[in-house]
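Q: Quick one, what's the 3D model for this:
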Amino acid sequence: GTIDFIIPDDDGDRPLPITVWYPALNPDGDTEEHTYRYGLLTTEGRALSTAAPNTDDGPYPLVIFSHGNSGFRLQSLFLTEHLASWGFVVIAPDHTTNTMMDSLQQATFLQDLPLNYFNRPVDIVRVLDYADMLNTDDSLLTSMIDLERVAVSGHSFGGLTALLASGAQLNLHAFDQLCQEAGNDTRYGNVCFLQPEAIRMAEAYGFDSIPTEPLPAITDPRIGAVVALAPWNAPIIDPDSLTGIEIPALVMVGGNDRVTPPVRDARPVFNALGSSPRTLVTLELGDHYLFVDACNETALRLLHLVAGVSYYKAAVPATIHIEGEPIDAATAALLVSVYENGLGEFAYRNGLSLRGKIRFPHVAGHGDALLPPLQGEGRGGDGVRQVSPERQHHPHPTSPALGHSPRALLDARTSGPQARLVAPLKGR
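A: The predicted model follows:
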């Protein structure tokens, strides 16, 4: 079954929409199908809306799922619905100010991004408290949730969120030093763009300046396991705090992940964890969005490419890099039109001519859409800005372009706690 709620916020600034999936009864043998709605978007799933819960085998363990940066709570139905079908209650919140819809307002989205390093783990604790209320109040889910068996999971920024909620701590001082030493090293481009915002992260935690010690943990003792799917930005985590996490942990990542490269993110996280047991699974042929539904991936990819208009204005990169599966000619033509027309005022105010200069690749393999360097006199807030080498290589730092997502990989070859999955799976 599935049902939606909104967790209220006392200040009214951060209400959290959540979707819950749970074991349910189907005495009439109804077709298990459900149309999920998210703004103007709809997606089909396999569930019964507000179905009577199956209380006979409850209470059930709880899994909280945290979406990625500019993602949304319905992005991984293949996982959330499946877990419910196997006897879990699953709750996925929208991290307000950090969702796909929020990303359409780029200026506000980027301003709020560093604050989500504090807000996101707080959201997880709020979800836990709300689950406790649902469990004890006269609600559809009364006595359905076993709060002594709780796991937190998440994808990308959600993977980092899951780790933070499990006890990981941010070390902004070490992060600042790393980014200074990294210089033009493109491996750190899509994390070190946050370096200037470190002070705002510290302020969110109540500090007036960046402390030399790690920031306080935002965790909850009710969390008994953590599952991090392609976790993002391991360099910002204090490794000693990972060693202090002793609950069971599973880290999964795609071997072809170029957004959260395993060598930078998943593997250092796994190596530092003090968890017992702990397991690292590398899906050799998988990319970053292996953990997102294929249909949602298509919508997210197009949305991010269109939203790149705002990023382009902020960075004016010489090159737009599209990660993953190439787009087709029709999509390329659409994007060219959106960029040329969407940047019309920007081009006019800066004395630029964009017609015929914006191209998107639509050939097999990875490619770069070459945009010749633009020159012009900047006027007002839309003036042309100098772009650092890191941002030239990562023009969409907070919503990286999406690659294709193989459905799954099978035939695990395990060696100790690490597994590599290599053979394509025919169906999910």
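Q: what's the burial count for the closest residue to Gly39 other than its chain neighbours?
A: Once flanking residues are discounted, Gly39 sits nearest to Met101: 5.6 Å by CB to CB, 6 or more residues apart in numbering. For glycine as for every other residue, the C-beta is placed from the backbone atoms N, C-alpha and C. Applying other CB atoms under 10 Å, we find 16 residues neighbouring Met101.
Q: where does the stretch 201-350 of the chain dip in pLDDT?
A: 295-326, 328, 330-331, 334, 341-348 (pLDDT under 70).
Q: What residues does the residue positioned nearest the centre of the chain make contact with?
A: The chain has Gly68 as the residue nearest its centroid, 1.0 Å off, counting by CA atoms, centre = their mean. By CB atoms under 8 Å, 6 or more residues apart in numbering, Gly68 lies in contact with 75, 154-159, 232, 292.
Q: what's the answer for Leu163, then?
A: 226, 228, 231, 237, 242, 245, 269.
Q: do Ser76 as well
A: Ser76 neighbours (CB under 8 Å, 6+ apart): 65, 67, 92, 155, 291-293, 296.
Q: Turn the residues you listed into JSON lines, including neighbour count, secondary structure and distance to Leu41.
A: Shown next, in JSON lines, are the contacts of Ser76 (neighbours: other CB atoms under 10 Å; DSSP: H, G, I helix; E, B strand; the rest coil; distance: CB to CB, whole Å):
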{"residue": "Phe65", "neighbour count": "26", "secondary structure": "strand", "distance to Leu41": "18"}
{"residue": "His67", "neighbour count": "26", "secondary structure": "coil", "distance to Leu41": "14"}
{"residue": "Ala92", "neighbour count": "27", "secondary structure": "strand", "distance to Leu41": "15"}
{"residue": "His155", "neighbour count": "31", "secondary structure": "strand", "distance to Leu41": "18"}
{"residue": "Phe291", "neighbour count": "27", "secondary structure": "helix", "distance to Leu41": "19"}
{"residue": "Val292", "neighbour count": "26", "secondary structure": "coil", "distance to Leu41": "14"}
{"residue": "Asp293", "neighbour count": "23", "secondary structure": "coil", "distance to Leu41": "12"}
{"residue": "Asn296", "neighbour count": "24", "secondary structure": "helix", "distance to Leu41": "9"}
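Q: Just name the closest of these to Pro27, please.
A: Ala92 (26.9 Å; CB to CB).
Q: in the sheet, who's paired with the closest one?
A: Beta bridges link Ala92 to Thr19, judged by DSSP bridges.
Q: Name the residues of stretch 54-73 that are buried.
A: 54, 58-73 (16 or more other CB atoms under 10 Å).
Q: got it, and stretch 3-16?
A: Buried residues in stretch 3-16 (16+ other CB under 10 Å): 3, 5, 7, 14, 16.
Q: Pull the most distant pair out of the residues you listed.
A: Ile3 and Arg14, at 21.1 Å, using CB to CB across the buried residues of stretch 3-16.
Q: gap between the two ends of stretch 212-219?
A: 21 Å (CA to CA, to the nearest Å).
Q: Repeat that for stretch 261-272.
A: 16 Å.
Q: Contacts made by that stretch with the rest, please.
A: 163, 187-188, 191, 228, 230-235, 237, 239-240, 242-243, 249, 251-255, 257, 260, 278, 280, 282, 418.
Q: Quick check on those: which are buried?
A: Buried among these (16+ other CB under 10 Å): 163, 188, 191, 228, 230-235, 237, 239, 242, 249, 251-255, 257, 260, 278, 280, 282.
Q: Which ones among the residues you listed lie within strands?
A: The members of the buried ones among the contacts of stretch 261-272 that map onto strands under DSSP state E are 228, 249, 251-254, 278, 280, 282.
Q: Now render these as CSV, adding distance to Glu81.
A: Shown next, in CSV, are these (distance: CB to CB, whole Å):
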residue, distance to Glu81
Ala228, 20
Ala249, 24
Val251, 23
Met252, 18
Val253, 22
Gly254, 21
Arg278, 27
Leu280, 25
Thr282, 25
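Q: Show me the two of these that sit farthest apart.
A: Gly254 and Arg278 (18.9 Å).
Q: What distance do you get for Gly154 to Asn135?
A: Going from Gly154 to Asn135 by CB to CB, to the nearest Å gives 22 Å.
Q: Those two: who's more crowded?
A: Neighbour count, other CB under 10 Å: between Gly154 and Asn135, Gly154 has more, with 32 against 19.
Q: Let me know the secondary structure of the more buried one.
A: Following DSSP: H, G, I helix; E, B strand; the rest coil, we place Gly154 in the strand state.
Q: For it, give me its contacts.
A: Contacts of Gly154 (CB under 8 Å, 6+ apart): 65-68, 160-162, 227-229, 231.
Q: Out of these, which comes closest to Leu170?
A: Leu160 (9.5 Å).
Q: For that closest one, which three-state class applies?
A: helix.
Q: how much space between it and Ile236?
A: 8 Å.
Q: how about the helices in the protein?
A: 77-85, 106-112, 116-136, 157-165, 172-182, 189-192, 198-204, 239-243, 266-272, 294-315, 329-342, 344-349, 389-393 (DSSP state H).
Q: Which pLDDT value does the model give Gln177?
A: As predicted, Gln177 sits at a pLDDT of 95.
Q: That one - how many residues pack around it?
A: Other residues close to Gln177 by other CB under 10 Å number 12.
Q: Leu41 now?
A: Other residues close to Leu41 by other CB under 10 Å number 15.
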